[in-house]
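Colleague: Provided below are the primary sequence and the corresponding predicted coordinates.
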Amino acid sequence: MHPSNLFDLTGKVAVVTGASSGLGRRSATVLAAAGARVVAVARRADALADLANELGDACVPVVADLADRADWADCAKRVAVPFGDPDILVHAAGINTRQEADDITLEAWDTTLDLNLAAPFFLAQALVPAMRERGWGRIVNFASLQSYRAFPAGLSYGASKGGIAQMTRAMAQAWSQYGITANAIGPGFFRTELTAAVFADPERAARNAAQTCIGRNGEVSDMDGPMLFLCSDASAYVTGQILMVDGGFTAK
């Protein structure tokens, strides 16, 4: 393959969860720009409709609540309807309840682990057989700074993201022999709905920026290259890895 074609996703079908906002929306946008047809999954129908209007025929919305286990099997079937069986699966849906360790409830724990960790596995498990039959697939999970570091009010979220790191390696071990790579992106501090509480405190946001090697927090456009790399032929020999897109936060 010529190097100029390594990032071309023409003819590929990508499913992006959490596509209604933030890094999930940006992922859907960049994959569509690279030629993929995108199935955008999220809870909020209005936000998904806005994305579909922006991307046109390259995007079809699927409304699903992936925090609800009862929705997983049906979602796996519905995402294969608009364009056929998916080639690429990006798991960007997530929740952070930001409860202190002493205050974590069983309900909040279950919601966090189901949406952040279990849903990515069982949705992948349902879609992998078609990828394996074609001998090509890309799974991109979302890890976190908290896959490696403990943050205040982050025990359940950190547990789920630590699990994502190991699950990504285990997915690679299980499925990469069939041409399916499994990797994860670990974002630093990006201004999204999930991090609104962080950026609402300018001093805290500035401290986070100062802890990076680059000296600033992330812009959603910083995700474009890493996402496209992991979803394309450019990363054909990369699997089981967690790529930290954090400006060097974890390097210091």
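Modeller: Happy to help now that I have it. Numbering: from 1, shown residues only.
Colleague: now do the helices in the stretch 151-252 of the chain.
Modeller: Per DSSP state H, counting those that start in this stretch, the stretch 151-252 of the chain has helices spanning 155-175, 196-199, 202-210, 224-231. These are given in chain order.
Colleague: turn those into CSV, including mean neighbour count.
Modeller: C-beta coordinates here come from the backbone N, C-alpha and C atoms, glycine included. As requested, the helices of the stretch 151-252 of the chain are exported to CSV (neighbours: other CB atoms under 10 Å):
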stretch, mean neighbour count
helix 155-175, 20
helix 196-199, 14
helix 202-210, 13
helix 224-231, 21
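Colleague: residue 48: which of those is closest?
Modeller: helix 224-231 (18.8 Å; CB to CB).
Colleague: can you give the contact residues for the helix-or-strand element of the chain with minimal mean pLDDT?
Modeller: Of the helices and strands making up the chain, the lowest-confidence element is helix 196-199, at a mean of 85, by mean pLDDT, DSSP states H and E. Where contact means CB atoms under 8 Å, 6 or more residues apart in numbering, the residues beyond helix 196-199 that reach it are 98, 189, 191, 204, 205, 208, 217.
Colleague: re earlier: quick one: closest of the helices of the stretch 151-252 of the chain to residue 111.
Modeller: Smallest distance to residue 111 across the helices of the stretch 151-252 of the chain (CB to CB): 8.8 Å, for helix 155-175.
Colleague: so what does the closest one touch, helix or strand wise?
Modeller: The elements that helix 155-175 packs onto, with contact taken as 3 or more CB pairs under 8 Å, 6 or more residues apart in numbering; DSSP states H and E, are helix 106-113, helix 119-134, strand 137-142, strand 180-187.
Colleague: compare the ones you listed and give me the one nearest residue 6.
Modeller: Closest of those to residue 6 is strand 137-142, at 12.9 Å (criterion: CB to CB).
Colleague: chain center to that closest one: distance?
Modeller: Here the centre of mass of C-alpha atoms in strand 137-142, compared against the chain's by CA atoms, centre = their mean, to the nearest Å, lies 7 Å away.
Colleague: and for stretch 85-100?
Modeller: Once both centres are worked out by CA atoms, centre = their mean, stretch 85-100 turns out to sit 5 Å from its chain's centre.
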